[in-house]
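Engineer: Structure for the following, please:
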Amino acid sequence: KLDTHREQDRIALLIWIGLIIGFCVYGVLTDWGRSVTGSYLVAGQAWLSGDDPYTTGSTDLFGFLYLPHAAIIWTPLSLLPGDVADCLWRVFTIGVFAAGCWRVFKVAERLAGGPMILLMTILAVLPSLSAMRNGQSTLPMTGLLFLGSVAALRGRWWFAAIWMAIAVAIKPPAIALVLVVWAIFPA
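Structural biologist: Numbering: from 1, shown residues only. All right, here's what the predicted structure looks like:
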């Protein structure tokens with residue numbers, strides 16, 4: 001029976017940890033055929049060597065499609081062996097997404113007046129599995145936007161600005177929510 005907050009929190013946390021471990025193992029066991037990690041890795045290496053990250057060898061269908069900031073973010077990982085970089089990237093992406101979800105879910109629980117974290121975790125994870133498998137930067141972008149939104153709700157403007165600025169640096173579509181938050185909270 002899952003009627004306490006603590007039990008639901010524990011199971012939800014185990015789900016997130018299991019996803020991180022599972023997708024790290026998946027990343028190591030596959031050839032990155034369905035992962036964008038190779039594009040990020042090549043872009044980070046190109047940035048370090050002073051090359052153009054947009055024309056340096058494409059490892060997937062489209063290559064590197066993000067702002068230069070994303071290549072800069074990848075530079076520390078580009079110094080590591082590919083499998084280690086992929087695993088750390090997945091820890092980062094799923095971890096940031098989980099942290100953002102957790103903060104939003106806790107706000108929702110307070111509004112609903114009861115434990116909802118387990119149900120909300122399952123509902124957030126299911127549509128995100130493809131992005132987790134592919135190593136997409138959509139996950140940390142979303143997690144950072146969640147963190148920024150909760151910070152804005154609490155009037156913590158510097159944290160909101162920092163989380164949202166990093167989200168835009170990781171993936172430009174984040175600017176849409178940043179503009180909405182700016183319109184709602186012009187401070």
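
Engineer: what stretches of the chain score poorly on pLDDT?
Structural biologist: Along the chain, segments meeting pLDDT under 70 span 1-3, 32-33, 56-63, 187.

Engineer: can you pull out the helices in it?
Structural biologist: Secondary structure of the chain (DSSP state H): helices at 5-29, 37-49, 68-78, 82-112, 117-125, 129-134, 138-153, 157-170, 175-184.

Engineer: can I get those helices in TSV with distance to residue 55 and mean neighbour count?
Structural biologist: C-beta here means a position set from N, CA and C on the backbone, and glycine is covered the same way. Written out in TSV, the entries for the helices of the chain read as follows (distance: least, Cβ to Cβ, whole Å; neighbours: other Cβ atoms under 10 Å):
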stretch	distance to residue 55	mean neighbour count
helix 5-29	26	16
helix 37-49	8	22
helix 68-78	12	19
helix 82-112	21	19
helix 117-125	36	18
helix 129-134	22	16
helix 138-153	24	23
helix 157-170	21	19
helix 175-184	25	14
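
Engineer: Pretty sure residue 174 sits against residue 146.
Structural biologist: No - taking contacts as Cβ atoms under 8 Å, residue 174 lies outside contact range of residue 146: 11.0 Å.

Engineer: for this protein, which residue is closest to the average position?
Structural biologist: Taking Cα atoms, centre = their mean, the centroid of the chain lies closest to residue 140, which sits 1.6 Å from it.

Engineer: Spatially nearest residue to that one (excluding sequence neighbours)?
Structural biologist: Closest residue to residue 140 apart from its sequence neighbours, by Cβ to Cβ, 6 or more residues apart in numbering: residue 96 at 4.1 Å.

Engineer: For that neighbour, give me its contacts.
Structural biologist: The neighbours of residue 96, taking Cβ atoms under 8 Å, 6 or more residues apart in numbering as the test, are 139-140, 143-144, 147.

Engineer: now it: how far from residue 18?
Structural biologist: Per Cβ to Cβ, to the nearest Å, residue 96 is found 17 Å from residue 18.

Engineer: Over to residue 68?
Structural biologist: 34 Å.

Engineer: How about residue 78?
Structural biologist: 28 Å.

Engineer: Repeat that for residue 137.
Structural biologist: Summarising the geometry, the distance separating residue 137 from residue 18, computed by Cβ to Cβ, is 22 Å.

Engineer: Same check on residue 69?
Structural biologist: From residue 69 to residue 18 the distance is 31 Å (Cβ to Cβ).

Engineer: One more: residue 123?
Structural biologist: Using Cβ to Cβ, one gets 17 Å for the distance from residue 123 to residue 18.

Engineer: May I ask you to confirm that residue 12 is in contact with residue 116?
Structural biologist: No - with contacts counted by Cβ under 8 Å, residue 12 stays clear of residue 116, the gap being 9.9 Å.
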